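Enquirer: Let's see this in three dimensions:
(one chain, ligands or ions: 1)
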Amino acid sequence: MVKAVRGAISLDSNSERELTLCVDKLYKDLMRLNRLKATDLVSIIFSQTQDITFNPAKALRLSNNLNDTPLFCTQEAVCEDFTQPRMLRILMTYNSENDTKPIPVYLGDARLLRTDISSDSNV
Ligand SMILES: O=C(O)C(=O)C[C@]1(C(=O)O)C=C[C@@H](O)C=C1
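Expert: Residues are numbered from 1 along each chain as shown. The predicted model follows:
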């Protein structure tokens, strides 16, 4: 069965190094909490707010050798109620043979985006 899990993380600054650290942390937490292997992945979509000007797909591919997973970056919608800066969101799709529920990961200020599903246990 194909499943999808969400995550998000706030960057402290708009730099390539900060983006690499943040995307790597978010990916590793999602993989660990959901007990995933890279071969389980179907694809990963990123969205970034306009104030992030570096490429999360490239950063993740290089730091985790994810050459066989389709990655896609897009800009987050600009809406009046989205006021938080430097937000990187992720939508990870994967194959799963068990009936466990996907565990989302919201880190840093991104926890405020979905207080209903994010918890300190993710941090
Ligand atoms: O989950 C998030 O990252 C949110 O900001 C919440 C939410 C939503 O309303 O469901 C809003 C915008 C994003 O594109 C994705 C999801």
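Enquirer: To which secondary structure element type does the spatially most central residue of the chain belong?
Expert: The centre of the chain sits closest to residue 90, judged by CA atoms, centre = their mean, with a distance of 3.1 Å. Following DSSP: H, G, I helix; E, B strand; the rest coil, the label given to residue 90 is strand.
Enquirer: If we ignore the residues flanking it in sequence, what's nearest it?
Expert: Using CB to CB, 6 or more residues apart in numbering and skipping residues adjacent in sequence, the residue nearest residue 90 is residue 7, 4.5 Å away. The way it works is simple: take the backbone N, C-alpha and C, and place the C-beta from them, glycine included.
Enquirer: Beyond the helix or strand hosting the one you found, next helix or strand please.
Expert: Per DSSP states H and E: residue 7 is located in strand 2-10. Later in the chain than strand 2-10, the nearest helix or strand by DSSP H and E is helix 16-33.
Enquirer: Could you check the angle that following helix makes with strand 2-10?
Expert: Relative orientation of helix 16-33 versus strand 2-10 (axes from the mean of the first three to the mean of the last three CA atoms, to 10 degrees): 140 degrees.
Enquirer: Mind giving me the packing neighbours of helix 16-33?
Expert: strand 2-10, helix 56-64, strand 87-95, strand 105-107 (3 or more CB pairs under 8 Å, 6 or more residues apart in numbering; DSSP states H and E).
Enquirer: would you list those in CSV and tack on distance to the ligand?
Expert: Below are those laid out as CSV (distance: least, CB to the nearest ligand atom, whole Å):
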stretch, distance to the ligand
strand 2-10, 4
helix 56-64, 14
strand 87-95, 5
strand 105-107, 7
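Enquirer: The strand holding residue 7: partners in the sheet, and parallel or antiparallel?
Expert: strand 87-95 (antiparallel), strand 105-107 (parallel) (DSSP bridges).
Enquirer: Include mean pLDDT when you put those into TSV, please.
Expert: Below are those laid out as TSV (pLDDT from 0 to 100):
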stretch	mean pLDDT
strand 87-95	98
strand 105-107	98
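Enquirer: and among the ones you listed, the most buried is which?
Expert: strand 105-107 (a mean of 24; mean count of other CB atoms under 10 Å).
Enquirer: Indicate the residue of the protein located nearest to the ligand.
Expert: Distances between the chain and the ligand by CB to the nearest ligand atom are smallest at residue 113, namely 3.9 Å.
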